[in-house]
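1. how would this look folded up:
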Amino acid sequence: MPSYSDLTDRRAVGVAIAEFDKVGREAFLHRYGFGKARDYFLVTDTGRYDSKAIFGVAYGVQHGSPLDPAEFSGGRDGAAGRLAELGYSITGINTHG
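-> Take a look at the predicted model:
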């Protein structure tokens, strides 16, 4: 399993978000083999993003190959938590705001 702390580059997260915005949610998730978020979203001024998918793709931007969804957890102790540590706002799927 990759180490969550290996994702250190906020630019890589921005690249993943930009691709998500460009191709749309369904195409982005399909391209990388992710399902829809069940628990956590990364929230920016421009939208809500499936946090596990963004993490997996950003990891690939930084390290050369995106992560397969089965390789890691998307929860608070995983991808969502690491994105929060990098300064991103993370919200539960049923939370408004």
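2. what about residue 35, neighbour count?
-> When counting by other Cβ atoms under 10 Å, one arrives at 12 neighbours for residue 35. Where C-beta positions appear, they are placed from N, C-alpha and C, glycine not excepted.
3. apologies, that question was intended for residue 27.
-> Neighbours of residue 27 under the rule other Cβ under 10 Å: 12.
4. also residue 53?
-> Neighbour count for residue 53, taken as other Cβ under 10 Å: 27.
5. what are the buried residues along the helix or strand containing it?
-> Per DSSP states H and E, residue 53 falls inside helix 51-63. For helix 51-63, the neighbour count (16 or more other Cβ atoms under 10 Å) marks 51, 52, 53, 54, 55, 56, 57, 58, 59, 60, 61, 62 as buried.
6. which one of those residues is nearest residue 2?
-> Of all these, residue 2 sits closest to residue 59, with 6.6 Å by Cβ to Cβ.
7. do you know how far the closest one is from residue 9?
-> Between residue 59 and residue 9 the distance is 9 Å, computed by Cβ to Cβ, to the nearest Å.
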